[in-house]
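Student: Turn this into a model:
(one chain, ligands or ions: 2)
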Amino acid sequence: MEGVDYLADERKKTEFDVEEMKIVWAGSRHTFEVSDRMAKLVANDPVFRKDDRVMLARKDLFKNTLRKATYAWKRINELRLSEEEASKLRSFVDEPAFTDLHWGMFVPAIKGQGTDEQQKKWLPLAYKMQIIGCYAQTELGHGSNVQGLETTATFDPQTDEFVIHSPTLTSSKWWPGGLGKVSTHGVVYARLILDGQEHGIHGFIVQLRSLEDHRPLPGITVADIGMKFGSGAYNTMDNGLLRFDHVRIPRDQMLMRVSQVTRDGKIVQSDVPRQLVYGTMVYVRQTIVQDASIALSRAVCIATRYSAVRRQFGSSNGGPETQVIDYKTQQSRLFPLLASAYAFRFVGEWLKWLYTDVTQRLQANDFSTLPEAHACTAGLKSLTTSVTADGIEESRKLCGGHGYLASSGLPELFAVYVPACTYEGDNTVLMLQVARFLMKTVSQLGSGKPPVGTISYMGRIEQLMQCRCAVKKAGDWLNPNAVLEAFEARAARMSVSCAQKLSKFSNPEEGFAELSADLVEAAVAHCQLIVVSKFFEKLQQDIPGKGVKRQLEVLCGVYSLHLLHKHQGDFLATSYITPKQASLANDQLRELYSQVRPNAIALVDAFNYTDHYLGSILGCYDGNVYPKLYEAAWRDPLNDSVIPDGYEQYIRPLLKQQLRVAKL
Ligand SMILES: CC/C=C\C/C=C\C/C=C\C/C=C\C/C=C\C/C=C/C(=O)SCCNC(=O)CCNC(=O)[C@H](O)C(C)(C)COP(=O)(O)OP(=O)(O)OC[C@H]1O[C@@H](n2cnc3c(N)ncnc32)[C@H](O)[C@@H]1OP(=O)(O)O
Ligand SMILES: Cc1cc2nc3c(=O)[nH]c(=O)nc-3n(C[C@H](O)[C@H](O)[C@H](O)COP(=O)(O)OP(=O)(O)OC[C@H]3O[C@@H](n4cnc5c(N)ncnc54)[C@H](O)[C@@H]3O)c2cc1C
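Tutor: Ligands and ions are numbered 1, 2, ... in the order given. Next up is the predicted model:
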């Protein structure tokens, strides 16, 4: 029935001010207002419809994306949207496109690694989209190992040019988004060669296609790499391959903020550390952490609303069956994901602050916080994307059979999201970077340089190695200090244990390789501690609105205690807690689930997602799921005719043949 809210009874149970929670989720009233306006603008424009997307074949899918992306650009200009509004609008269009890489990597690479003159030359063209760029780093043979890239950039002093070349098949660029069919330019990463000497990996702005007829320029071979995981999904993107056959570019197209090559072919290092060549990855990893909370909250919103609609078993005297959300097993799978979405939102907000802070420091030639920024962005990218990808799949299972329908929105969300565990750094490779940072920190303890920031807890290593959990009853686990100390002691002890084992190896690199699985576990423990502590820090802030802070405290409890329960092996093995204390944590967790239950629908309403953006019948705001599923089935092209295409050719002869067999 039109206009009936099937979740109204659920919404009546709410114990907090949802409108205020929307502001907390958005980050500020201003961000909420911009988001809300852009989401509605996209939802109300038929050009941005996406319910037909899963039916499209690759070529139509790609063209459809071009149409939407260029229309979005037209609207951005017509409405004179700010950068913030434009970026929100693009995200609500909700379709991976070349524009993600143009705005998300090409422009930031020039901003971060280009000199002032280079920025002055290239950015205005990019801002007007008079050139379209991609980020061409990964090759067929090397992705994780950036130092292993094979593409060469050899300086020719005769002509004052670099010669960009792909010497082997494995040196072909492979994967860059937007490269396959759209980009006119790329920031291409290559080994710098000066007078026969190698000088590491640097970025170069290379024109790839003609601005007149879009044909590849001489010496350039470029194409799409082919279909990817899932139908629809990330196949809207033209991930590309690229080969160079001695392509010449002017010397001033090497991005020269970190190192400069002079007219006579000499390299000059600026004060800036060479790791800044990796700066774009740090920037994008930070945005990926923010996006993780968005993707996870979408899945959780769908699974929560549907869990309140869906009923199974438990009917007495002909009354309604039990809402599946009331099953403790459903709650124990769903509510930690809901809490994780909020936790990732807050840690993402903090990481954005950290990134802004490190950027300002770099501009003032203060490079001291770069290693921590790298470890935090790498580790949190790894942790949040892994949990989110698994969480989307768990949300699909939480929706039973209907979760497997494309119209639930979950299969596509999963297929689009899951490469986040790989791109911008494979999640294991990134956790190993965190482990290196941890081992370095442990090895420097006592050197007189106290650890700061997210690693400052290591400064209390002696206390953390000896302390024992003081929890006596379940309610003691609501004390933030008890929880924080538990996570700090676990992380510190796991790191120290790895460091002790490492010290037994005569070759540290061999030791690191041998112990890498343990090291990853220590790094995960450290990253989980960061998320927990940033959630607690959020709760220290002034949070207005009836019951809002209380709900966040409950979610923070769910987030930390479900981790404690899930990883109790770590906490027990490091002897910080006893089995009894682990069991009390679980008792408290169950109690917290009961407190989430009446507020669950309101907690997902606070994400403020339009039905268009959610793209899910199971997650629709009014909960009117069954009629919508029934109608959607009839819209499938297979139901255009009662007798399917192919009946005469295949089904009829088959049935006849079976008759003949029966007669024999
Ligand atoms: C329906 C729709 C629904 C939902 C959609 C939802 C979400 C969409 C979300 C987002 C969209 C975003 C993006 C678009 C998608 C895809 C784009 C993808 C792009 C890419 O993938 S680009 C390629 C990325 N490649 C990588 O990440 C490679 C990973 N490898 C590395 O980073 C390095 O090689 C590695 C592993 C760090 C090792 O490097 P290397 O061997 O050189 O270093 P060392 O280990 O020797 O370390 C040297 C030294 O340097 C320090 N360091 C390393 N990296 C950095 C850094 N980045 N910054 C600062 N410092 C760094 C390291 O710690 C060492 O320091 P030390 O000497 O120990 O002090
Ligand atoms: C959808 C998508 C979009 C992308 N977009 C871009 C783009 O725009 N531009 C771009 O340049 N690239 C892009 N990439 C490439 C991406 O950045 C790489 O695929 C990624 O960095 C992983 O590298 P790899 O493929 O070499 O993985 P590999 O390193 O080959 O990983 C394979 C396995 O080996 C393991 N492994 C590797 N090294 C180690 C180690 N040292 N220790 C332990 N285990 C290890 C990994 O954990 C993994 O299990 C994209 C990739 C995808 C999937």
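Student: Find me the pLDDT at the nearest residue to R590 once chain neighbours are set aside, would you?
Tutor: Spatially, and ignoring its direct neighbours in sequence, R590 is nearest to K328 (7.1 Å; CB to CB, 6 or more residues apart in numbering). Any C-beta I mention is one placed from the backbone N, CA and C, and that applies to glycine too. Confidence at K328, expressed as pLDDT, is 97.
Student: same thing with Q658?
Tutor: Predicted confidence (pLDDT) for Q658: 65.
Student: close enough to count as contact, A153 and R191?
Tutor: Yes: using CB atoms under 8 Å, A153 is in contact with R191, at 6.7 Å.
Student: So the two - more neighbours on which side?
Tutor: Taking other CB atoms under 10 Å, A153 and R191 do not tie; A153 has more neighbours (28 against 19).
Student: Angles on the backbone of that one, please.
Tutor: A153 adopts backbone torsions of phi -130, psi 100, taken as degrees, to the nearest 10.
Student: Also I193?
Tutor: phi -120, psi 120.
Student: re earlier: report how many residues lie close to the residue nearest to R590.
Tutor: The local packing of K328 (other CB under 10 Å) involves 11 other residues.
Student: and it, how far is that from R597?
Tutor: Note on K328: its distance to R597, by CB to CB, to the nearest Å, is 10 Å.
Student: Do you know the pLDDT at T377?
Tutor: So, for T377, pLDDT stands at 98.
Student: how about the nearest residue to it, chain neighbours excluded?
Tutor: In space, T377 comes closest to R285 once its chain neighbours are excluded; the distance is 4.0 Å by CB to CB, 6+ apart.
Student: mind listing what the one you found touches?
Tutor: By CB atoms under 8 Å, 6 or more residues apart in numbering, the contact set of R285 is T377, A378, L380, K381, E424, G425, L430.
Student: check which helix or strand covers it.
Tutor: According to DSSP states H and E, R285 maps onto helix 279-309.
Student: If I take the helix or strand that that helix is followed by and helix 279-309, what angle do their directions form?
Tutor: Sequence-wise, the next helix or strand downstream of helix 279-309 (DSSP H and E) is helix 328-363. Between helix 328-363 and helix 279-309, the angle comes out at 160 degrees (axes from the mean of the first three to the mean of the last three CA atoms, to 10 degrees).
Student: so what's the residue nearest to M237 when sequence neighbours are not counted up against?
Tutor: Distances taken as CB to CB, 6+ apart place P96 nearest to M237, at 4.5 Å, with adjacent residues excluded. Counting by CB under 8 Å, 6+ apart, P96 touches T65, G177, Y234, T236, M237, V416.
Student: Which single one of those is nearest to ligand 2?
Tutor: The closest of those to ligand 2 turns out to be G177 (CB to the nearest ligand atom; 4.0 Å).
Student: From S340, how far off is that closest one?
Tutor: 27 Å.
Student: K472 too?
Tutor: K472 is 28 Å from S340, by CB to CB.
Student: Which one's more surrounded, the two?
Tutor: A side-by-side neighbour count of K472 and S340, using other CB under 10 Å, places S340 first with 26 against 10.
Student: Spell out which residues of this structure are next to ligand 1.
Tutor: For the chain, the residues in contact with ligand 1 (CB under 6 Å from any ligand atom) are 94, 100, 104, 135, 137-138, 143-147, 177, 275, 278, 281-282, 284, 288, 291, 295, 370-371, 374, 412-413, 416-417, 420, 423-425, 429, 433, 436.
Student: Now, those residues that are in strands?
Tutor: Y135 (DSSP state E).
Student: picking up where we left off before, weed out the non-buried ones from the contacts of P96.
Tutor: T65, G177, Y234, T236, M237, V416 (16 or more other CB atoms under 10 Å).
Student: Show me which of the residues you listed is closest to ligand 1.
Tutor: V416 (4.0 Å).
Student: Does that closest one touch Y234 like I think?
Tutor: Yes: under the contact definition of CB under 8 Å, V416 touches Y234, with a separation of 5.4 Å.
Student: so where's the chain uncertain?
Tutor: 1-2, 658-664 (pLDDT under 70).
Student: Show only the entries of the residues of the chain next to ligand 1 found in helices.
Tutor: 100, 281-282, 284, 288, 291, 295, 370-371, 374, 412-413, 416-417, 429, 433, 436 (DSSP state H).
Student: And those, which of them are buried?
Tutor: Buried by 16+ other CB under 10 Å: 100, 281-282, 284, 288, 291, 295, 370-371, 374, 412-413, 416-417, 433, 436, out of these.
Student: Out of the residues you listed, flag the one nearest to C620.
Tutor: Distance ranking of those against C620, using CB to CB, places L413 first at 15.0 Å.
Student: okay but that closest one is in contact with A299, surely?
Tutor: Yes: when contacts are counted by CB under 8 Å, L413 is listed as touching A299 (6.0 Å).
Student: Need the overlap of contacts for the two.
Tutor: I392.
Student: circling back: quickly note the distance from the residue nearest to R590 to I131.
Tutor: Between K328 and I131 the computed distance is 56 Å (CB to CB).
Student: need the contact list for the closest residue to D224 other than its chain neighbours.
Tutor: Distance criterion CB to CB, 6+ apart; nearest residue to D224, sequence neighbours excluded, is G180 at 3.3 Å. Listed by CB under 8 Å, 6+ apart, the contact set of G180 reads V222, A223, D224, I225, D238, N239, G240, L241.
Student: that older thread, in a strand, the residue nearest to M237, correct?
Tutor: No: counting by DSSP: H, G, I helix; E, B strand; the rest coil, P96 is not part of a strand but coil.
Student: give me the number of residues near whichever residue of the stretch 501-650 of the chain sits closest to ligand 1?
Tutor: In the stretch 501-650 of the chain, no residue comes nearer to ligand 1 than G615, which is 7.3 Å away by CB to the nearest ligand atom. For G615, the count of nearby residues is 24 (other CB under 10 Å).
Student: residue contacts, the nearest residue to it once chain neighbours are set aside?
Tutor: Distances taken as CB to CB, 6+ apart place G409 nearest to G615, at 4.3 Å, with adjacent residues excluded. By CB under 8 Å, 6+ apart, the residues touching G409 are R298, I302, L614, G615, S616, I617, L618, G619.
Student: Could I get the phi/psi values of G409?
Tutor: Dihedral angles for G409 - degrees, to the nearest 10 - are phi 80, psi -10.
Student: cool, and S183?
Tutor: Backbone torsions for S183, taken as degrees, to the nearest 10, come to phi -60, psi 140.
Student: residue contacts, it?
Tutor: Counting by CB under 8 Å, 6+ apart, S183 makes contact with F98, L101, H102, F106, I132, G133, C134, P176, L208, R209, G240.
Student: ok, now how distant is the first one from ligand 1?
Tutor: In this view, F98 and ligand 1 are 11 Å apart by CB to the nearest ligand atom, to the nearest Å.
Student: What's the separation between that residue and E321?
Tutor: 48 Å.
Student: Which one's more surrounded, these two?
Tutor: Counted by other CB under 10 Å, F98 and E321 do not tie: F98 has more neighbours, with 26 against 12.
Student: The more buried one contacts C134, doesn't it?
Tutor: Yes: at 7.3 Å, F98 counts as touching C134 under the criterion of CB under 8 Å.
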